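A.B. asks: Only the shape, not the letters, is given here:
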């Protein structure tokens, strides 16, 4: 089992599944766009502006999910001293960062017709901005630190500290009075969103998850090539 | 029908700009990551070609190097 996580094996797997993931992403995205922009109904309160939800919510979910995963693997970097973990976190960060920016920008665009303002220093929005800053710090730590071991440590510390922000983002709408509405899709309780809106939301989430997988595979492949390039120089 | 889709009850500018921004971000990230991948593959090919016979034989024995070369432009030509 552990052999599957060996970079030598993963390189072979990555090259095989990359094209398949890309094709699947395009199909699911097109289906999601038709559902989100044409087939799904308008909201009785927010009218057609509710369609922004289909890009805003999946982006927020995936950026949160990726950062949580990065943080957990960062613990692994310290505990197991596994170099592959830091390669995975480094390859996941770019798509997580872009998704956090998409969540912020589309949230801001949605805020104008709904709340009458582009931005508010609301608990949810501010904590989401903090998440983007943590992503930026994580990516920058790899860019500016030339020593790989030092970069691994610094980036892992940033990810572990950033983990504190994740429950703050999740529960900010319950802990404080915020402009942002509470969660409509819940795991443990009944979801308050109608199935006609839940379907496009699920399809768009799947499309975004496939995109982040595609970017991860390409980035991970690049990182492995960098290592192999160094290996060739040492032969 | 099309004007309705574009206008979206007056919210068209907000909805379309959100979707366009998202798709533009996807394209930008994909292009950047893809270009970096191509750059590294080219660099690998150049490094591999510049090896002397002894090093080339040693590298050719390794499974990973063979796997990388199988996915580069040179090997396909």
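C.D. replies: Received, thanks. Not measured: the values here are computed from a predicted model.
A.B. asks: Would you mind finding the longest helix in the chain?
C.D. replies: This is for chain A. Counting residues, the longest helix found in chain A (DSSP state H) is helix A:195-234.
A.B. asks: To clarify, I was referring to chain B.
C.D. replies: Of all segments of type helix in chain B, defined using DSSP H, the longest is helix B:12-49.
A.B. asks: neighbours of the spatially closest residue to residue A:40 that is not a sequence neighbour, just the number please.
C.D. replies: If you skip the residues right next to it in sequence, residue A:40 has residue A:200 as its closest partner in space, 4.7 Å away by CB to CB, 6 or more residues apart in numbering or on different chains. In this view, the C-beta of every residue, glycine as well, is placed from N, C-alpha and C. When neighbours are defined as other CB atoms under 10 Å in any protein chain shown, residue A:200 has 22 of them.
A.B. asks: One more: residue A:79?
C.D. replies: Close neighbours of residue A:79, defined as other CB under 10 Å, add up to 9.
A.B. asks: name the element it belongs to?
C.D. replies: helix A:53-80 (DSSP states H and E).
A.B. asks: Just give me how far that helix sits from the chain centre.
C.D. replies: The chain centroid and the centroid of helix A:53-80 are separated by 6 Å, computed with CA atoms, centre = their mean, to the nearest Å.
A.B. asks: how far away is residue A:126 from residue B:5?
C.D. replies: Relative to residue B:5, residue A:126 is positioned 35 Å away (criterion: CB to CB, to the nearest Å).
A.B. asks: For these two, indicate the residue with more neighbours.
C.D. replies: Legend: neighbour count by other CB under 10 Å for residue A:126 and residue B:5, higher for residue A:126 (16 against 13).
A.B. asks: And that one, how far from residue B:2?
C.D. replies: In this structure, residue A:126 and residue B:2 are 39 Å apart, going by CB to CB.
A.B. asks: before we move on, the earlier item: could you list the buried residues of the helix holding residue A:79?
C.D. replies: Judged by neighbour count (16 or more other CB atoms under 10 Å in any protein chain shown), helix A:53-80 contains these buried residues: A:53-68, A:70-71, A:73-74, A:76-77.
A.B. asks: Ok, stretch A:29-49 next?
C.D. replies: If you call a residue buried by 16+ other CB under 10 Å, then stretch A:29-49 has these buried ones: A:29, A:31-33, A:35-37, A:40, A:48-49.
A.B. asks: low-confidence ranges in chain A?
C.D. replies: Low-confidence segments of chain A, defined by pLDDT under 70, span residues A:1-9, A:184-188, A:232-235.
A.B. asks: separation between the residue nearest the centre of it and residue B:48?
C.D. replies: Nearest to the centroid of the C-alpha atoms of chain A, with distances taken as CA atoms, centre = their mean, sits residue A:63, at 2.5 Å. Relative to residue B:48, residue A:63 is positioned 38 Å away (criterion: CB to CB).
A.B. asks: same deal with residue A:167?
C.D. replies: For residue A:167 relative to residue B:48 (CB to CB), the value is 48 Å.
A.B. asks: ok, now residue A:96?
C.D. replies: Relative to residue B:48, residue A:96 is positioned 33 Å away (CB to CB).
A.B. asks: The two - which one has more neighbours?
C.D. replies: The neighbour count for residue A:96 versus residue B:48, taken as other CB under 10 Å, is higher for residue A:96 (28 against 21).
A.B. asks: how far away is that one from residue A:212?
C.D. replies: As for residue A:96, its distance to residue A:212 is 7 Å (criterion: CB to CB).
A.B. asks: Next, show the common contact partners of these two.
C.D. replies: Taking CB atoms under 8 Å, 6 or more residues apart in numbering or on different chains as the contact rule, residue A:96 and residue A:212 both touch A:62, A:66.
A.B. asks: quick one: residue A:221 and residue A:14 touch, right?
C.D. replies: Yes: the pair residue A:221 / residue A:14 is scored as a contact, 5.1 Å apart, by CB atoms under 8 Å.
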